[in-house]
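Engineer: For reference, the sequence and a predicted model appear below.
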Protein chains: 2
Amino acid sequence: MATMPTSTARRANGGTAAKILDVAERLVQSRGYNGFSYADVAEELGITKASLHYHFAGKAELGEALIKRYAERFINSLREIDKDGGNAASKLDAYAELYAGVIRKRRMCLCGMLAADVDTLPSALRDAVRAFFDENETWLEHVLEQGKQERELRYEGRARDQAQFIIGALEGAMLVARPYRDADRFEASARRLLSTLAVPQTASR
Amino acid sequence: MATMPTSTARRANGGTAAKILDVAERLVQSRGYNGFSYADVAEELGITKASLHYHFAGKAELGEALIKRYAERFINSLREIDKDGGNAASKLDAYAELYAGVIRKRRMCLCGMLAADVDTLPSALRDAVRAFFDENETWLEHVLEQGKQERELRYEGRARDQAQFIIGALEGAMLVARPYRDADRFEASARRLLSTLAVPQTASR
DNA sequence: GTCTATAGGCAGATAGAC
DNA sequence: GTCTATCTGCCTATAGAC
């Protein structure tokens, strides 16, 4: 009896399920949840739609697997930033760079795209999108608190609210840059955002 | 020989074309360009899909008419803000309030939504989305320059770049608020954005 | 202007052979 | 695991009557 692959690929990469996720992820990030089909994915991989259904029962399950993998990778990237152990300002730089890498590939953040489509999504996907933003918020909140303590960052009010603002500003900068196909446009806004948080360098030393 | 209605309604409101635009606008703003159909619009209006094609030849033409009307109304709102003749800070408040009104209706900015869908749009729609953001940018640029001159607003660098940042931040705040169905979340981010621009009140007078 | 009827295609999905 | 074959339904769009 063949082992059913779980919705996460059995091997880290190269398995068919992983390849499906790779293609579907790119399609959702560029065309949206309602702008891609099983046929698109199947054609690109040279397999049939029926084979896709073996790996992912339906589009909803594929979507859930997409967010799950994307969120895991993103959170792992945040842990890497923490491990690198820089100051709070450099962590924010690295955070914005995660977004920049996405738009340079002419993609939107997966969960930003799904936030646009949210009214058409199965509720499990909507919950997963929220969880993604919540995790980002929590990570940013800690960085912002660290930055305030160490007098590297300045902002008014609660760190959590500032974190929400940062996520929105970065997602929106990506969104508006899309029709221009201009990653520089995103990067200029990201620099501006971070500069409003930076404590001005004193002339001392 | 019957007069063909132009893609803009002949009467200001109430005409079938205008009703079609009303319904389609709401659907695009909540479900995205690929998340609504002629059937959705027809059913809601109690007419047939074929009748829709009389007013708008195809989905692309309907989309163009949607952006055209939306942009005209938005620009008119900006002119109204100018006519009210407040200071630059109050103009920015009013600008953010335009966005807040949209999200309170549980909608996304039409052009923000289309920015997400941009890779699937006819090129005429993509051009119109860009033109919308360009016009917003130009208006904001003038307000920001006014505000700097009158020492009501503070920001670094060029007004045009700051304008781009503001648009992105507001669009993104709307986007991220969507999965939470929480207009307050948008408003908190908008207030935070505007407060970073406000010149601190001196204790004098 | 709105309708009925229909076209032709694509959507997501399933049964069952190999 | 992947295939062929097929289903049902929805999509955009058109022809032509009223």
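Structural biologist: Thanks, I have it.

Engineer: drop to CA atoms for contacts and neighbour counts, all remaining ones
Structural biologist: OK.

Engineer: thought A:Val102 was touching A:Cys109?
Structural biologist: Yes - counting by CA atoms under 8 Å, A:Cys109 is a contact partner of A:Val102 at 6.6 Å.

Engineer: Those two - which one has more neighbours?
Structural biologist: Each of A:Val102 and A:Cys109 has its neighbours counted (other CA atoms under 10 Å in any protein chain shown); A:Cys109 has more, 23 against 16.

Engineer: OK, contacts around the more buried one?
Structural biologist: A:Gln29, A:Tyr99, A:Val102, A:Ile103, A:Glu171, A:Met174 (CA atoms under 8 Å, 6 or more residues apart in numbering or on different chains).

Engineer: Considering these, which possesses the most neighbours?
Structural biologist: Busiest of the contacts of A:Cys109 [other CA under 10 Å] is A:Met174, holding 35 neighbours.

Engineer: Not counting sequence-adjacent ones, nearest residue to that one?
Structural biologist: Leaving out its chain neighbours, the residue that sits closest to A:Met174 by CA to CA, 6 or more residues apart in numbering or on different chains is A:Phe186, at 5.7 Å.

Engineer: can you check A:Glu171 too?
Structural biologist: B:Gly172 (5.2 Å).

Engineer: Could you report the distance from that neighbour to A:Leu98?
Structural biologist: As judged by CA to CA, to the nearest Å, B:Gly172 and A:Leu98 stand 17 Å apart.

Engineer: okay, those two: which has more neighbours?
Structural biologist: Set side by side, B:Gly172 and A:Leu98 show more neighbours around B:Gly172, with 28 against 15, by other CA under 10 Å.

Engineer: ok, A:Leu27 - how many residues close by?
Structural biologist: Around A:Leu27 there are 20 residues (other CA under 10 Å).

Engineer: so the closest residue to chain B within chain A is in which element?
Structural biologist: Of all residues in chain A, A:Gly172 sits closest to chain B, at 3.3 Å by CA to the nearest CA. Using DSSP states H and E, A:Gly172 sits in helix A:159-177.

Engineer: what angle do that helix and helix B:159-177 make?
Structural biologist: 110 degrees (axes from the mean of the first three to the mean of the last three CA atoms, to 10 degrees).

Engineer: helices or strands up against helix A:159-177?
Structural biologist: Secondary structure elements in contact with helix A:159-177, counted by 3 or more CA pairs under 8 Å, 6 or more residues apart in numbering or on different chains; DSSP states H and E, are helix A:88-104, helix A:123-149, helix A:183-197, helix B:110-116, helix B:159-177, helix B:183-197.

Engineer: The last one vs helix B:88-104, what angle?
Structural biologist: For helix B:183-197 and helix B:88-104, the angle between their directions (the same axes, to 10 degrees) works out to 160 degrees.

Engineer: repeat for the third one
Structural biologist: Between the axes of helix A:183-197 and helix B:88-104, defined by the same axes, to 10 degrees, the angle is 120 degrees.

Engineer: gap between helix A:183-197 and the chain center?
Structural biologist: Taking CA atoms, centre = their mean, to the nearest Å, one finds helix A:183-197 lying 17 Å from the centre of the chain it belongs to.
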